[in-house]
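Chemist: Requesting a structural model of the entry that follows:
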Amino acid sequence: MNKQIIFKKRPVGNVEADTFELQNNPIPELKEGEILIQNHYISLDPAMRGWMNDTKSYIPPVGINDVMRSGSIGKVVKANKHPIFKTGDCVTGWGGVQQYIVTNGENYYKVDDKLAPMPMYIGTLGMPGMTAYFGITQVGKIKEGDIVLVSGAAGAVGSVVGQIAKIKGCTVIGIAGGKEKCDYVVNELGFDAAIDYKSDDLHEALKEKCPKGIDVYFDNVGGEILDAALTKLRMHARIVICGAISQYNNKVKVKGPSNYLSLLVNRATMQGMVVMDYAKDYGTAAQEMGMWMAQGKLKSKEDIYNGIENFYETYQRLFTGNKKGKLVLKVIEE
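Modeler: Okay, the predicted model is just below:
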């Protein structure tokens, strides 16, 4: 039997517990060319909230009564004449919030769980890490000496963005919620400074921490923080729009930036990025980040919780901020 989290209704505003239903369903028989994967870990990401909306986006919405979409990693436990995958392979892909999945293997990739722990392949060496790498290097176009501001700095993407920018010789200021997270990004991750958006006056803090302005702003939160960052742009600054978690549960229209004319004055750019656009280069990025990790230059943090039954409570941590690094749910029962 397969425990699955089924998407039951589209939320308006905050996601409530009855948005999902835990079901226990039989595992279908394998057809030729299919594999059965036992998921070990599920990736929880802010993007999941957007996938629940029936609106045009970069990916179709999750269907009502479908398994809730998520990234995953696990082991092939059965293969029926599959040309690529065999029993025992460790694979990562879009397995959904469930314990098992039957698939033809499309969009799955083998990884070596002897080189790194499984959760790292859905964190720093997975979609969040790839988002950080390509977002800051290809869209942010960082160069040595740049002043880089990162929101959501203690999160799965922001924490890696800041570290990569430091590796590339930038000055990095992180924005995070609470003293503990601000201390974490400075003392453990090596950021040059941090701003606590919960207790600091944002505009005053930006004046103090970024007196010369900013060359790159990597935005994970949107809203008022994006608007404040726009006031500090230097000439030819780049803004990377990666996410807007402050706006995802809105019941009203998303709050857009009122200070956008700063883009004109400073000949700056604001560009959105979706990690899937860089899929052909994932291997190169993973190799470079793996090297940085081996050298002790890049730290990986996974915040792991247990039990598919606890999916909803764990998902909520994305929006309460009660986590650090990459949020992961362990769904294998041992």
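Chemist: Tell me how this protein divides into domains.
Modeler: Split into domains by automatic domain parsing, the chain comes to 2-123+301-330, 127-276.
Chemist: Of those, which is nearest Thr284?
Modeler: Thr284 sits nearest to domain 127-276 of all the domains of the chain, at 9.4 Å, using Cβ to Cβ. Yep, even glycine has a C-beta here, placed from its N, CA and C like the rest.
Chemist: so how far is the closest one from its chain's centroid?
Modeler: 15 Å (Cα atoms, centre = their mean, to the nearest Å).
Chemist: Roughly how far does Pro28 sit from Asn2?
Modeler: Pro28 sits 9 Å away from Asn2, going by Cβ to Cβ, to the nearest Å.
Chemist: okay, these two: which has more neighbours?
Modeler: Higher neighbour count among Pro28 and Asn2: Asn2, with 19 against 11, using other Cβ atoms under 10 Å.
Chemist: all helices for the stretch 201-334 of the chain, in order.
Modeler: Under the criterion DSSP state H, counting those that start in this stretch, the stretch 201-334 of the chain carries helices at the ranges 202-209, 223-230, 261-265, 282-294, 311-320.
Chemist: now these in JSON lines, with mean neighbour count and mean pLDDT?
Modeler: Putting those into JSON lines (neighbours: other Cβ atoms under 10 Å; pLDDT from 0 to 100) gives the following:
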{"stretch": "helix 202-209", "mean neighbour count": "16", "mean pLDDT": "96"}
{"stretch": "helix 223-230", "mean neighbour count": "21", "mean pLDDT": "94"}
{"stretch": "helix 261-265", "mean neighbour count": "12", "mean pLDDT": "96"}
{"stretch": "helix 282-294", "mean neighbour count": "15", "mean pLDDT": "93"}
{"stretch": "helix 311-320", "mean neighbour count": "17", "mean pLDDT": "94"}
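Chemist: Mind checking those helices for the one nearest to Ile64?
Modeler: Of all those, helix 311-320 sits nearest to Ile64, with 17.0 Å by Cβ to Cβ.
Chemist: quick one, what contacts the nearest residue to Ser246 once chain neighbours are set aside?
Modeler: The shortest distance from Ser246 to any non-neighbouring residue, by Cβ to Cβ, 6 or more residues apart in numbering, is to Gly223 (3.9 Å). Going by Cβ atoms under 8 Å, 6 or more residues apart in numbering, Gly223 touches Ala244, Ser246, Gln247, Lys255.
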